[in-house]
Every structure is written in structure tokens, then in C-alpha cells.
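Colleague: this one's sequence-less:
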């Protein structure tokens, strides 16, 4: 938690600055009226790091916090959309595979933990207890059936259900971060149930604290 | 002014479903519908035969071959509209010789054409001006129905052609066509989905993002300037907005822990409905873009996602698993008065028609196919029936066409069809798989 707050202190000024740079009046005087006809798209968007504030974990009272950066920002940013400000969880790319944490799997369109998978989670939890210096990223995945947006929600529910189970086993919630990939990152790409069942999974990655 | 509305209504009655919702809003005051369509449709034809000879260059030098290229593109647009059959003619027209012109129109009329489109091109300084003239070949005097000048840079000859086609459709239906629109979509490579843009007919594909990440769910702002989308470019699935035709940085719209997905701009352009899981499970929220304020609309322990606005902005259709499986529900825009719309199977991706009278959705019964239902739950009908899966419908702004992605060819491709499921055809997207089409509004 202390570490998160440290992140927050770093991120806030950046966020305010970025809001100032990114935030724009509703009708930019230079382009709105004389914008060229949209036949040629603008060049591909620049790298996100350059333009987007590093957003992050919203505190429990997230909607209230949305006004924080705007309030702290200089006058021009008042018109800019306020953004949720918070500590940033580590990027997913900072986590790596662990041979000690096994995937669990789910029934089609379901996100409850099956008894056999609970056993796997118990073993994962036991390892996490003795490897207390590790943070965990729980990925929630869906098979390709269903539609992309719905599967993102389904993957989210699977990751959350997995995290809640580990919390009930005594693992601190503050050690865990979840991410849903929906159907976007299949482990197996054949179009049959054997493959789909492999894709309906929660997957674990770790990072030294 | 003549009884344009009554004429159009009669035409619509004859054309039936082909006309779709074109006439559910009153035609603009400047519209005066000619009786060409009326005569033709009364005789039982499904399409109007329009004669389109090559355009005539009246000033400047046509180094770009526009006299042929522009009417070709306009012809393709009119065929796509499913309101016209086109007869082309490469023989040069004697534009200055009134009597010779008359003879050509009379000949076309005798061969079955109901209307003729002729363009007079003035070229110079890198610009092209087309004076388009539309003739009613069913009138004894072969009268001119409409005449209009449209100017464009020569480099945008295709857009000039699209605008001519949209004007022709306007003259015959009271509502402009959709040829001057674009489709945002996802260009798919292994592990990467880049947001891309093409003309509605597949021409001019170009990337909108180049972040080598997974980008999802493009949704156009109603002013046609920006696209909201979910991206993993920062690691987590946050919601962003990019400006499609301007050199402006990508804006972060929502970056909460959990998912920030499934954006849908409100019809007034002020808000974005989206799905956030920050309060524990996927719920639909309303983001006021100018202030950054979020307001929660749904409260249920299950999944609530995929909002789609009614064109009035008063209601939102969405997907929820609160009934055990995924089904479509409707609530009012404040989140109250939730009612269930679909039953049976597994139904997702509601897409409310711009005319308000139809909601298209994706239904899984074995494969996925597109279905349609009226907002009161009546008139359930199947629009696609394989092969493979057909998903992710997006309405053209006139409510007559739909784009969607399907797996009937190798991999995912983008297809278009009429709102009744007819005229299904592949959009010529280039270079690999393409998914998640988002049809733009009419562009400024």
C-alpha cells in the first residue's frame, strides 16, 4: 500500500500535466470549421506512453475521485475531461510465468469455481502463502464462442471469482491484480470443445514485490 | 411544393422492405420527389434503371481520367444502395448539342432506362467541379429533376463520386445515401488487432492505431470525428478516444481497475455508455465526456454490458446474464424500468437501428447469427443463416444497411447486407482478417 501511494505521488503531477496537454476544448478553433474533408485518415496514433496518462487502480470511491485531477489542474484543464486518478498496478508485462501456479478452468458461460479446480486453487494458495514476496496477476479468459465484449465481462468474472477464492484462503487482496483478456488470447486455437475448454481459464503470473 | 411525402409513402409501400426505414422520418423540406420511382415501382420493378454515360469534360484537361472513374464509382454506389440498376455507356456525349443530348436520352428511355445522370466536369488547379444533372426519362419532355454542383480536390475523386451518388439517392428518396461514409474496423494479425479505417465500399484502407496491441470495440461519436475504443496498449483494457481525421493525441476516457469496455456514444454526443467492473462486477455506466463524471446505470450481481442507445437517447438496450444466460434487456437512460427483450438461446450485441424500429442482435444457436426484433419484443426474425458465424452488426446511418463480421470465407471478414438480410456481400478489406465493423455517421 505504501508503495502504491508512492506511485500516486509520482503519477498525479504527470496526470495533471497530461490533462493540460491532452485536454482540449470541445471545438478547437483551428480545426472545427476548416477541417479538411475526411478522406485521408490522420496518421496512426502515436505511442500511448507519449499521450495517455498512466491511469490506474481506482480507489473504492472511484467516482468521487474523478474530480481530483481537474480540481488540482490549472485553469485550462477545467474544461478537460477529468480522469480517474489512482495508484497504478504494475503493468502486466512485468509479471512472469510460475511453474508453481496451475491454471483452473470453467464451464461454458460460467464463472463459479468447480470442486476439482478448488483443489488446484488450494495448492496455488499454499504456495503463495510461503512465497509471500510475490505479487500475482490473475488473467481471466473465455473461449471464442460468445461475442468479444461479453467475453471480456466473462473473463473479468472468472478472474474475480478466482481472486475471491484465494482471498478466502487467506491470501491478501493487495497482493493480487486481475485482468480480463476475454477471448483475445486463446491458449488453443482449434474449433472444438477440447480446445475451448482449455481456453476457459484463469491463468496466474507472478512478480517479485 | 408537391405532395412529396405522400409520393414517397406510396413508393415505400410498393418497395416495402427494400426501402427499410428510409421514410419513417419526414423528408426534408427541400426534397421534392420526382414521380420516376413511383411509376417504376408501380410497374413492379424492384430497382430503378438509371442511365449513366461517361461524364463530359467542359473545362480543363482530364489527366486523371475522371470522366470515366467518377461515374464508375457513382454507379457502384447506386447499385449498392439496392434502389437502382445502372446502365453505363462509354460513348462520348455531345454536351453542348441540346438536340443530340435529347436523342441520347430518348434512346436510353426506349431501352428501358427510367432516369439518367450526366456530369459536366470542370478541372483545374488540382480541383474538380462536377455539375450533375438528373433526368426523368419517364416524363415526355425528359425533364431535368435536379442539378447541383459539387467541388472536390482531384485527389478525392472517389469522394466526389460518392457525394454525387448520395445526392441522387436524396432526390429519389428524400434522404441522402450513405456512399460518403466510412467503416472503422479491426485489422487482425496474430496477437494484434489494430483499429483501421476504410471507405464504406472497402477503398482506401488505412490504420488508425499502430500500437501492436489488442484494440477492440470501435464506436463513432455522432459528429463523425472521433472513435471510442478499448485498448490494451497501456497493459490493461482501458477506454480511449482517437480523432480519426485530425492530428490530435489519443485521449484516455476511462482507466479504472478491471474492464473499461463496450463504448456507445449517446445520440447527442455528450455521453458514452460503457462497461466498468470497478465496483465489483461488470456494470453499465454513463460517462459525461466534458466533465469526466461517471454515473452507474445498472445494479446487478451478474454481467451487464454491451449498451446500445435508442436514437432518441431515451433508452438503452444491453446484454445481461441476470436471467441465467446472456439475453438482451432494455432500460431507460437513467437505468430504471428494465425489461427483458429476448428469450431462448444466448443473445448478445444489441444494436438499435438509427430509425428506432429494430434491434439487431447476435444469437448463438450452434453457430452465431444475426437476428432482429422490434423494441416491443415482436417481429423476431433471422437475418443471416451461416455459413459459419455472423456477428457484431453495425448500422449504416440510414438504417437500410448493416455491416457485420463473419467466418464464411477463410478467417473473419467484414460483410454488408440490407436490413432484411438480403444482398449479403463481402467488403473487400485487404490484408488478412478483419472484424468489428463500426459504420460511421454521415461525415462532415
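Modeller: Great, that's in hand. Remember, it's a predicted structure, so these values are computed and weren't measured experimentally. Numbering: from 1, shown residues only, chains lettered A, B, ... in the order given.
Colleague: where exactly do the strands run in chain A?
Modeller: Assigned by DSSP state E, the strands in chain A fall at A:96-97, A:104-105, A:134-141, A:176-182, A:201-208.
Colleague: Just want the angle from the last one to strand A:176-182.
Modeller: Computed with axes from the mean of the first three to the mean of the last three Cα atoms, to 10 degrees, the direction of strand A:201-208 lies at 140 degrees from that of strand A:176-182.
Colleague: quick one: strand A:201-208 to strand A:134-141, angle?
Modeller: Direction vectors for strand A:201-208 and strand A:134-141, defined by the same axes, to 10 degrees, enclose an angle of 160 degrees.
Colleague: what about the residue lying closest to residue B:300 once chain neighbours are set aside, distance to chain A?
Modeller: Spatial nearest neighbour of residue B:300, excluding adjacent residues (Cβ to Cβ, 6 or more residues apart in numbering or on different chains): residue B:322 at 5.0 Å. (Glycine included, C-beta is placed from N, CA and C.) As defined by Cβ to the nearest Cβ, to the nearest Å, residue B:322 lies at a distance of 12 Å from chain A.
Colleague: OK, now which residue of chain B is nearest to chain A?
Modeller: As assessed by Cβ to the nearest Cβ, chain A sits closest to residue B:255 within chain B, at 2.3 Å.
Colleague: check contacts around residue B:117.
Modeller: In this structure, residue B:117 makes contact with B:50-52, B:71, B:74, B:132-135, B:164, B:168, judged by Cβ atoms under 8 Å, 6 or more residues apart in numbering or on different chains.
Colleague: Hmm, the residue of chain B closest to chain A is touching residue B:238, no?
Modeller: Yes - assessed by Cβ atoms under 8 Å, residue B:255 is found in contact with residue B:238 at 4.3 Å.
Colleague: Restricted to strands, list the contacts of residue B:117.
Modeller: Those of these lying in strands (DSSP E): B:50-52, B:132-135.
Colleague: now, the most widely separated pair of the residues you listed?
Modeller: Within the ones in strands among the contacts of residue B:117, two members stand farthest from each other by Cβ to Cβ: B:51 and B:132, at 13.5 Å.
Colleague: related to what we said a few turns ago, of the ones in strands among the contacts of residue B:117, which ones also sit close to chain A?
Modeller: When the ones in strands among the contacts of residue B:117 are checked against chain A using Cβ under 8 Å from any Cβ of the partner chain, none falls in range.
Colleague: buried subset of those residues?
Modeller: The neighbour-count test (16 or more other Cβ atoms under 10 Å in any protein chain shown) marks B:50-52, B:132-135 as buried among the ones in strands among the contacts of residue B:117.
Colleague: For those, could you give me a markdown table that also reports pLDDT?
Modeller: Formatted as a markdown table, these follow (pLDDT from 0 to 100):
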| residue | pLDDT |
| --- | --- |
| B:50 | 96 |
| B:51 | 95 |
| B:52 | 95 |
| B:132 | 95 |
| B:133 | 94 |
| B:134 | 95 |
| B:135 | 94 |
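Colleague: Show me how chain B divides into domains.
Modeller: Here the domain assignment for chain B is B:4-173, B:182-439, based on automatic domain parsing.
Colleague: Between its first and last residues, how far does the longest one reach?
Modeller: Read it as domain B:182-439. Using Cα to Cα, to the nearest Å, the end-to-end distance of domain B:182-439 comes out at 6 Å.
Colleague: for the record, mean pLDDT for it?
Modeller: Averaging pLDDT along domain B:182-439 yields 96.
Colleague: State the distance from residue A:160 to residue B:439.
Modeller: Here residue A:160 is placed at a distance of 34 Å from residue B:439 (Cβ to Cβ, to the nearest Å).
Colleague: Give me the phi and psi angles of residue B:158.
Modeller: When read as degrees, to the nearest 10, the backbone of residue B:158 gives phi -60, psi -40.
Colleague: Could you report the pLDDT at it?
Modeller: Checking the pLDDT column for residue B:158, the value is 97.
Colleague: For it, the count of nearby residues, please.
Modeller: Look at residue B:158: counted by other Cβ atoms under 10 Å in any protein chain shown, it has 22 neighbours.
Colleague: State the pLDDT value of the nearest residue to it once chain neighbours are set aside.
Modeller: Excluding the flanking residues, the one nearest residue B:158 by Cβ to Cβ, 6+ apart is residue B:73, at 5.4 Å. In this prediction, residue B:73 carries a pLDDT score of 97.
Colleague: can you list the residues that contact stretch B:147-163?
Modeller: Counting contacts by Cβ under 8 Å, 6+ apart, the residues outside stretch B:147-163 that touch it are A:37, A:39, B:64, B:66, B:69-74, B:77, B:123, B:126-134, B:164, B:167, B:179-180, B:199, B:203-204.
Colleague: meant to ask about stretch B:124-135
Modeller: Applying Cβ under 8 Å, 6+ apart, the contact partners of stretch B:124-135 are B:55, B:59-60, B:66, B:70, B:105, B:115-123, B:142-155, B:157, B:160, B:164, B:167-168, B:171.
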